[in-house]
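**Q** Need a 3D model of the following:
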Amino acid sequence: MSKTLVVQPGDCLINLSRQEGFFWETLWNHPQNADLRQRRKQYNIIKKDDQLFVPDKDGSGIRVPNGSTALLCAERPDGAVYAHAA
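**A** Got it, this is the predicted structure:
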C-alpha cells in the first residue's frame, strides 16, 4: 500500500528508502515526489515536515535462497551501473 512519510529530524532519504525497501533514486525520481525535488533540489537535503511519497511495491523483487549469493546489477537513467552482492 502506498503511503506518504513525513520527514522527522535526523531522517535522510537514503535511510528512509532503505527502510521501505527501495533505492533512494526510485523514491526521489517518483513523479509524486516532484514537489519535493523542486523544493529541495538535492536528494541529500530533506527537512523536517517534508513529505515523501512511497509507492506500492510491485512484487518484482528477486528472491535469493538462504545461504546463496547473487550479484544484482542495474543501470541507472544517467548510465551509471550499480552492482550489489546479496
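
**Q** Torsion angles phi and psi at the residue nearest to the spatial centre of the chain?
**A** Centroid-nearest residue in the chain, with CA atoms, centre = their mean: Trp24, separated by 2.8 Å. For Trp24, the backbone dihedrals are phi -60, psi -30 (criterion: degrees, to the nearest 10).

**Q** With adjacent residues omitted, what lies nearest to it?
**A** Ser17 (4.2 Å; CB to CB, 6 or more residues apart in numbering). In short, each C-beta sits where N, CA and C put it, glycine included.

**Q** Would you mind listing the outside residues contacting whatever helix or strand the one you found lives in?
**A** Following DSSP states H and E, one finds Ser17 within helix 13-20. Residues from elsewhere that reach helix 13-20, judged by CB atoms under 8 Å, 6 or more residues apart in numbering: 5, 7, 23-24, 26-28, 43-44, 46, 52, 54.
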